[in-house]
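Undergrad: here you go, sequence then predicted model.
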Amino acid sequence: MRMPWISSLLGLLLAAPAFAMPFKCDKQQTICEVQTKRLTIGDKVGVFSGEGQLAAIGEVVEIRNRSRMIKITQRWAPLYRSYEMEVIEDEKARNPQKYFRLITPLPELSWGVGLGAVNLGVGDSFVGTSLEGGVYYLLWRDFLLTGRLHYLSGSGKASDNLGAGVAAANVSVTTAGMSVGISELLAPYQMIALRLDGDLGLSNATVTLPAGLDEGKVLNNRIDDGVGLYLRLGVAAIWRRDGLQPELGFTFLRLHSANSPGLFVGVSAPID
């Protein structure tokens, strides 16, 4: 007598209407080839990521022995080797937004703002608040050209030079400037992507401290009044979705001669 669980398992395997197919495409990713005999002219297929997000829709336009040539009619993201094709119904091909979770494409131009807390690295518990905003231009694949404006303000006790006889002093520092750089997105078409940032620019600082104290001695020559170097390295986790995309990250600043790590939250969105 046949075991019931064997019959159930075979039924599930044989009844599955969808089947995944590996494929390869031309350089422009407009025509793809799949090795199968299950498709015929006019059949619709979807290209799905490993997470089940729809990356593209195509139609069988030619049969070459065992190969089927697929014309890509809609595409939301680059097609990678790890993706697979599946047969989909005509109605689902006509209304993909209704039936599938689409991959969010990378916009050619987007904006972003961030609010953070930064240890200014010039004294004890000297924490500043940073505000930055910028634009991102999609340069190539998942590389972005960036331009940012920044503003940072903080106050605390600077006491790095106590050994030289300088008493702890209440100091406030305000800086503002601009930078340009390059960003790279890792796993850009996953739900959570990582962005790596590298910026270089200038920052103008204003230092306020009690009268009679030498700015260089109190701040150990780390931040001076006037224009100086601004170097920013960062990594952010981004929730890739339509519309506003929240992000959370870590940043490291080289502000004049001070090393300043920090954390930030932000949001970005496409510029239509």
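TA: Yep, that arrived.
Undergrad: what sits against the nearest residue to residue 221 once chain neighbours are set aside?
TA: Excluding the flanking residues, the one nearest residue 221 by C-beta to C-beta, 6 or more residues apart in numbering is residue 257, at 6.4 Å. Quick note: C-beta positions are derived from backbone N, CA and C, even for glycine. Residues near residue 257 by C-beta atoms under 8 Å, 6 or more residues apart in numbering: 221-223, 228-229.
Undergrad: so how far is residue 197 from residue 257?
TA: 21 Å (C-beta to C-beta, to the nearest Å).
Undergrad: check contacts around residue 244.
TA: Residue 244 is in contact with 267-269, counting by C-beta under 8 Å, 6+ apart.
Undergrad: how far away is it from residue 40?
TA: Residue 244 sits 43 Å away from residue 40, going by C-beta to C-beta.
Undergrad: next one: residue 72
TA: According to C-beta to C-beta, residue 72 and residue 40 sit 18 Å apart.
Undergrad: comparing these two, which residue is more hemmed in?
TA: Legend: neighbour count by other C-beta atoms under 10 Å for residue 72 and residue 40, higher for residue 72 (20 against 9).
Undergrad: can you name every helix or strand that whichever strand or helix holds the more buried one contacts?
TA: Following DSSP states H and E, one finds residue 72 within strand 67-75. For strand 67-75, the elements it packs on are strand 31-35, strand 54-64, judged by 3 or more C-beta pairs under 8 Å, 6 or more residues apart in numbering; DSSP states H and E.
Undergrad: helices and strands around the shortest one, which ones?
TA: Okay, so that is strand 31-35. Strand 31-35 is packed against strand 23-25, strand 67-75, with contacts defined by 3+ C-beta pairs under 8 Å, 6+ apart.
Undergrad: host element of residue 224?
TA: With secondary structure defined by DSSP H and E, residue 224 is part of neither a helix nor a strand.
Undergrad: what's the separation between the closest residue to it other than its chain neighbours and residue 272?
TA: The shortest distance from residue 224 to any residue other than its chain neighbours is 6.1 Å, reached at residue 256 (C-beta to C-beta, 6+ apart). Residue 256 sits 38 Å away from residue 272, going by C-beta to C-beta.
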